[in-house]
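>>> Here is the input, now give the coordinates:
(chains A and B)
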Amino acid sequence: MKPKEEKVKIITEEFIEDGEDADEARQKKTSKVPRQKRKKQLLAAGPEEMVPGKSHVDNQQDSMHEGSDTRLFGMTSRRGPRSLPPIPSASRTGFAEFSMRERMREKLQAARSKAESALLQEIPTPRPRRLRSPSEKELETEFGTEPHREVQRTQQEDDAQGYSRVKFQDSVRKIKSKRPVPPGFPSAEEAYNFFTFNFDPEPEESEEKPKAKSRHGTNQEEKEGEEEEPPMQEGVNKTDEEELLDGRDAEDLLLGLDHMAEDFVAIRPADYESVHVRLQMEKELLFIPSKLTVPTYKKLPENVQPRYLEDEGLYIGERPQVPRTNQNIVENRLLAQEPGRRWFGDDGRILALPNPIKPFPSRPPVLAQKQDTKAELETLYKKAVKYVHRSQHLIGSGDPPGNFQLDIDILGLIFTHHPCFSREHVLAAKLAQLYDQYLARRQRNKAQFLTDKLQALRNAVQMGLNPAKTPKSVETTPKAINEYKSEIRQTRKLRDAEQEKDRTLLKTIIKVWKEMKSLREFQRFTNTPLKLVLRKEKVDQKADEEAYEAEIQAEIHELLEEHTEEYEQRMEEYRSAQQQWKAWKKAQRAKRKKKKQAVEEHPEEMMEEPDPGEEPVKPVPPEPPDWAVIEQQVRERAAQSRRRPGEPTLVPELSLAGNVTPNDQCPRVEVLRREDVKRRSLYLKVTFNNKEVSRTDSRPLGADFRVHFGQIFNLQIFNWPESLTLQVYETVGHSGTTLLAEVFLPVPETTVVTGRAPIEEVEFSSNQHVTLDHEGVGSGVPFSFEADGSNQLILMTSGKVSNSVAWAIGENGVPLIPPLSQQNIGFRSALKRADAISSIGTSGLTDMKKLAKWAAESKLDPNDPSNAPLMQLISVATSGESYIPDFFRLEQLQQEFNFVSEEELNRSKRFRLLRLRSQEVPEFRNYKQIPIYDREIMEKVFQDYEKRLRERNVIESKDHIDTHRSIVAKYLQQVRESVINRFLIAKHHFLLSDLVVEEEVPNISILGLSLFKLAEQKRPLRPRRKGRKKVTAQNLSDGDIKLLVNIIRAYDIPVRKPTTSKFQQPSRSSRTFSEKRATSPTTHSPTHGADYPLGQVLVRPFVEVSFQRTICHTTTAEGPNPSWNEELELPFRAPNGDYSTTSLQSVKDDVFINIFDEVLYDVLEDDRERGSGIHTRIERHWLGCVKIPFSTIYFQARIDGTFKIDIPPVLLGYSKERSVIMERGFDAVRSLSEGSYITLFITLEPQLVPGESVREKFDSQEDEKLLQATEKFQAECALKFPNRQCLTTVVDISGKTIFITRYLKPLNPPQELLDTYPNNPQATAELVARYVSLIPFLPDAVSFAGVCDLWSTSDQFLDLLAGDEEEHAVLLCNYFLSLGKKAWLVMGSAVPEGPTAYVLTREQSHYLIWNPCSGHFYGQFDTFCPLKSVGCLIGPDNIWFNIQQYDSPLRINFDVTKPKLWKSFFSRSLPYPGLSSVQPEELIYQRTDKAAAAELQDRIEKILKEKIMDWRPRHLTRWNRYCTSTLRHFLPLLERNQGEDVEDDHRAELLKQLGDYRFSGFPLHMPYSEVKPLIEAVYSTGVHNIDAPNVEFALAVYIHPYPKNVLSVWIYVASLIRNR
Amino acid sequence: MAAAGPSVFLLMVNGQVESAQFPEYDELYCKYCFVYGQDWAPTAGLEEGISQITSKSQDARRALVWNFPIDVTFKSTNPCGYRPQRVRAGRVWERRGPRLRSGARALLTWPHSCLKTCFRHKKIIPMFVPESTSKLQTFTSWFMGRRPEYTDPKVVAQGEGREVTRVRSQGFVTLLFNVVTKDMRKLGYDTGPLDTPGVSGPRVPQGLPR
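So this is what the prediction gives:
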């Protein structure tokens, strides 16, 4: 757009011009200057604006304003130019150039307009119209006129400018189109032409173009540059100085120059300082170091010779390359600036570190393609590539996807020997080989190197010898000099050897060449183009000779020195030897003298005495070194190994310039050979990791035995290359190929990438034997060059493959190399250190001392960077900086992670609480919401815990009345704790079944059954039992769990006896007394029948269930065999609201089921009121109770059965109703059992999942075989009868598995029990059973909540005085065994205990089943026997598992000798090994302290009385002392009779004493464990509930002590109401 | 004492169980409960909930949407040990009878960030069920319609004993919840800058390590 406007302006100006034509001529002369100015302006604008299309108009306007703005400024300067001629000289000089630029500018504009035209073509119409729009024109004119109005001169100038432009345009137009300009607007065509016309450049312009173009951008600077010079040449030139200013300013100045400079006042020029002056000043101020080389002496301290460390054989790194001049400048500067500082080394050069630049770039090469920005920004579309993971191909764990590439470039093959070689070829090959060797040697130039080294060493020695000369090298001690000397010797030897080798090689070459020549002559043809030329290099004879002589002299000197040294040494030796010899001689002489005398005296003696020892040889003095001899030697050697002085140096040159004789001139054999060669061709197979990957083309063997392949194989590999082999195959004619040889290529280093790999020649050889019938010499076959066949040679086929192997470079420039991790790095690094390892062995690498020793011995250059890591290692190792501590810290950072210190942790109550809770300490296990602040934690929280800790070992008898019990309780507590702690850990082991509920794998029968069920007919009316849902105990709360007790019916409830009238019947009393054992109460029946009319109510029983102090009772039924069939619901509360399994298991509460008789008394005082009202008082009389522990219910889930009611032995006013004869007829089977029974169903709602015992495998000391057998036995049994209990091993109290029979062993019962009934074994047995039952019962499940069943031995049991069924049963069984009975332990299930242990004894004709906990015994066929099923029998030496169809004791045979009925553990296949018992040999019983028992008795009585008073808070409790004492006397009687049928006797006595009281009460009998159960029992009887106003109470306690502190407690509690 | 400052901090969570992706099931309901440590106590809201039964949507998403709200507030004294964890159990309601089929169960522990930062969290949680122990049992459980399930769904909130089980994921549940805490910083628990910005600085309570 803008360039367009520019054009527009130009066009508009053309109009203006028309009107001003007259001025044209006048202004023409001056036009040149404005043109220049204009050009300048444009040029200035160009670089400044950088916008090609900057509007001209703007530009001009700009300049205009600026002009006016800077007028004042301009005025000052315009004066100068004014006085000058119109065209300044500077301008003139640049004029031609300026005009050139002008043209250039036009060109540019033309080009621009051309681009414009393209646009115009697209929108042709609107453009011209816009051009002509008046507003724009107006603007133009305005622009033109406005300055005119303001400043006249500006107008003029403008005109001039306009003119000049017009003029220019004119000329252009003339050139281009030569069209006349119409006076009006240009036509569209014109405009189009104008913009689109291709300006043909003038020839000279085109030539100048590049130059101008290049200048275009930098014009401004150039101008400045140009104009800088004039002042130098011409002195002060104001204008030019001005022009140094901004281009535009200058232009403005120039604009002003012509016309208006005279109007302003001239101002004095600015100060100027001439360049020369300035330079002068600068010279004074500045120091410019010279570029000249500094002589060495200046750089070194005085009198110091430069020392070249490199020449002395020390390693000096390559110095970085610095241009010589720079170096000189720096040196000069340093010398001038800081002479004190030591900048220079010994060699007079600036100290410098080795060149840090690596010889090869470590960065992958970047493809430096010259791309323009566009290409870089271009997005390339690539098809998505499916990524295939191939890591399985990689060795090791290599995760990066392997796509690596190995480029193998096989150039060619050269045979150094081939069967088809002719003799000449052999020689030629030899020659070539020698020549190669020669070239290699020359390249290495070892001789020269050694010579130089020798020289350096000599210099060093020289310096060391003259320390005055080198004050700096103080360290060159004599030792160092000696070392130097020895080194000189070695070096000289080496050098001599090298020189000799060089010489021999040269000689050999010449010899072979001569041989070849003779051969060629002999055979009269030439096979090889080889030609050897020996070039002689003349040497300066004199200098050479001098050097030679000097060398020899030096050598002689050294040798002489050496010899002198040696001589001196020898001399020393000689002297000492001489001394010795002389001494010896002297001694000898003295001896001889003596001898002589002796001989004179005893001549025969002398003969006997031989010479003592050999006579020392007289030392020969060494010869001093002879100069002449040495010289002779040296010269000889020199002549042998060295070029003679003056002899020209021979340089052999091998060329292939010779001619090969063509075939037709050769003899037949040779032709045949050549034919054969032609028939042969070769190819190579490339094998990678022993797999062929590619092969080359087959190429014919050339006449020169070279094969050129020139093939590159790109191996895409995934594995790290292990081997890379080329196999050389030869094909002869059309016959088969033979494998000539294998060439092993080295795998390239990872730094070797394509393009940088050197071409290597790898030699190969083959051991094949070939004999040919032509001129070819064959291979592996002897042949000779001599005519007579001597000097036989055997040559093998061999050759060289020239190849290069390198890693390819990927597209992005990354080398396709497998990661280093895949390589065996250790192996590689070991290779690098091969020299070290070979010298000290691999173990030395770990032994730093050895390594250091080796490093010192081998004189490793410590400055060599390649040794740096090793040196560092050694220095670290030897200096001992990194010492290894000889202790090991397990958690060295633990301290860091402790967020508070230990004492802080203990001090804070909160932390303590948190810790105790996480340790599951019982007191805090369920502590909730531990407060956040210490202040909120009450101190008493810890009190209990601390007290417990404190009192762990303190026996305290407050709770437990007698001390023994408290000890036992403590002990039990401790055992419990230790066991629990052990099992807390075990509890955290989970089985799948603990976590996941899964259906059992159904077996075929179940599957079949269920399939059968599918086909079964639907019977909607048939009720089906549905299993109850079990509830896990976690999310329960108070009130969720209910205890359901269904009381169905009772049997044989005692019935009331007739009241007062009955009491007067002494006959009855006496009779019953006589029938003490009262097994048949039948005698009562006639009287009863007589006394009571049929249908009269004998008893009105109801049942009250109390649990956790909640009491429910049924309605009242009637008769001795009542049926209630009522369901009672009692809530259950877990202790502390904790419903977890462990907590529930440890609930010790019992369910009491009490049976009462409801008695109505008429309380009417006055018979007259009988008509109007009934006044009755209801009294209830306790008849008996059934006690069921909650734990039993919890574990059994439901209890269903008939239980014997625990009826007190004396039930005043009641008697057993046995009147019905019919009933007796039924009861033949239960003759042994008597008492009342109640049928109950108890369960929990919802059903709780009982905790499971730990099935942990415990340690065992049992034989492994036995344990395996037990497992097998149990598995077999479980398979047959999964519901029957089978027990083989149990856990003892210390947590060890023990075989169960070890518990059974005859043990003596207390002697006093045996003494009681000495003649009645049955009575003794009962007494023993009673004794056992008096030991308190404590279920394991309670004491070891949720843990397991622990079996204690009998002595432990007696010590603890607590245990469950197993312990009781074991003890009882042991007693029975001791009594001589046949007894077994019965494992089975009973009501209400569930799985339990009973004892079976065999009497004469029948079996008895004993309940060890109650002491009762039952016949096998007793229907009321609580044992319901029998799993197995355990004897002292065997276990029998019940494999009979039924398991009820009623229906099974207890004859264990029958193997069909009982599966025995030990049998013929596994005989009883005779296991020793875990029980003690004998039980020792202490007699219980009677006084203590009496004291306990009193205390209990007191406590109970207080309790009863407490329970009756609203009534007065009176104690009838008389009655109490009566009862107290009665209780021992009960104990003696074991509570059996003392009733009537007792009753009579009571009646006698308490005639006018209505008496209700009963004795309770319990084993003693604690006071609490006694209180509970008393409470449950409800005696205290009588609220008759005149009631009195009586309570008596009797404790009968049995041995071993077993106490039998009797409590007689009664209420008395005085009869009126 | 009480005036000196709060002795508990509060954590309020509300949000909803939005939807689930269970490709194998058509009808599901969702049950959630919170597992929390001893120092936590719910103060408001429901700890457990059972949602309605939802059917798979008809569109391509096949989403099971409940939009079942959760709103519960806990108070606690010690955030250590147990943060409240959410266990949720989805079960399949089978059409052929009122038999519950356990479907999927999974666990969400509060991500630690929940305590740190308040406000909105949207989580997509993979759920898992225990696997049958053998192929035969897989078949029979499928046949009988009784898949193995955890005895206690809260097992998934514990780390203990998990090693004996093998589980499989059957789908995802999307949960949205907003978490707000109160007084945590006052009690010395610095959970990041977002918590209670009004408090000038963490006041270390008495007895805490300084």
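
>>> from here on, contacts and neighbour counts on C-alpha atoms
OK.

>>> Between the two ends of stretch A:1440-1459, how far is it?
End-to-end distance of stretch A:1440-1459 (C-alpha to C-alpha, to the nearest Å): 9 Å.

>>> actually stretch A:716-726, not the one I typed
Stretch A:716-726 has an end-to-end distance of 17 Å (C-alpha to C-alpha).

>>> Surely residue A:428 is in a helix?
Yes. Remark: residue A:428 belongs to a helix, assigned using DSSP: H, G, I helix; E, B strand; the rest coil.

>>> Residue A:701 reaches residue A:674, doesn't it?
No. Using C-alpha atoms under 8 Å, residue A:701 is not in contact with residue A:674, being 10.5 Å away.

>>> quick one, which of these two is more surrounded?
residue A:701 (24 against 21; other C-alpha atoms under 10 Å in any protein chain shown).

>>> Kindly provide the distance from the residue nearest to residue A:1569 when sequence neighbours are not counted to chain B.
Of all residues not flanking residue A:1569 in the chain, residue A:1336 sits nearest, at 5.8 Å (C-alpha to C-alpha, 6 or more residues apart in numbering or on different chains). As for residue A:1336, its distance to chain B is 37 Å (criterion: C-alpha to the nearest C-alpha, to the nearest Å).

>>> cool, and residue A:1324?
Distance from residue A:1324 to chain B, by C-alpha to the nearest C-alpha: 53 Å.

>>> Next: residue A:502.
For residue A:502 relative to chain B (C-alpha to the nearest C-alpha), the value is 80 Å.

>>> re earlier: quick check on the residue nearest to residue A:1569: phi, psi?
The phi and psi values for residue A:1336, taken as degrees, to the nearest 10, are phi -60, psi 150.

>>> list the contacts for residue A:1520?
By C-alpha atoms under 8 Å, 6 or more residues apart in numbering or on different chains, the residues touching residue A:1520 are A:1592, A:1593, A:1594.

>>> If we use 10 Å, what do you get?
By C-alpha atoms under 10 Å, 6 or more residues apart in numbering or on different chains, the contact set of residue A:1520 is A:1591, A:1592, A:1593, A:1594, A:1595, A:1614, A:1615, A:1616.

>>> what does the average pLDDT come to for the longest helix seen in chain B?
Longest helix in chain B by number of residues, with DSSP state H as the criterion: helix B:135-144. Helix B:135-144 carries an average pLDDT of 78.

>>> mind listing what's buried in it?
B:137, B:138, B:140, B:141 (16 or more other C-alpha atoms under 10 Å in any protein chain shown).

>>> Low-confidence stretches in chain B?
Per-residue confidence for chain B (pLDDT under 70) gives these ranges: B:1-5, B:79-119, B:145, B:153-154, B:157, B:190-210.

>>> ranges for the helices of it?
B:112-116, B:135-144.

>>> May I ask you to confirm that residue A:975 belongs to a strand?
No. Assigned with three-state DSSP, residue A:975 falls outside any strand and is helix.

>>> From chain B, how far out is it?
27 Å.

>>> and that residue, how many neighbours?
Look at residue A:975: counted by other C-alpha under 10 Å, it has 16 neighbours.

>>> For residue A:1617, grab phi and psi.
phi -130, psi 130.

>>> and it, bridged to which residues?
Under DSSP bridges, the beta-bridge partners of residue A:1617 are residue A:1558, residue A:1591.

>>> Is it in contact with residue A:1560, as I believe?
Yes. With contacts counted by C-alpha atoms under 10 Å, residue A:1617 reaches residue A:1560, the gap being 8.5 Å.

>>> what's near enough to touch residue A:1617?
A:1556, A:1557, A:1558, A:1559, A:1560, A:1586, A:1588, A:1589, A:1590, A:1591, A:1592, A:1593.

>>> let's see it at 7 Å
Contacts for residue A:1617 (C-alpha atoms under 7 Å, 6 or more residues apart in numbering or on different chains) come out as A:1557, A:1558, A:1559, A:1590, A:1591, A:1592.

>>> before we move on, back to that, return the member of the contacts of residue A:1520 nearest to chain B.
residue A:1595 (48.6 Å; C-alpha to the nearest C-alpha).

>>> neighbours around that closest one, how many?
Per other C-alpha under 10 Å, the neighbour tally for residue A:1595 reads 25.
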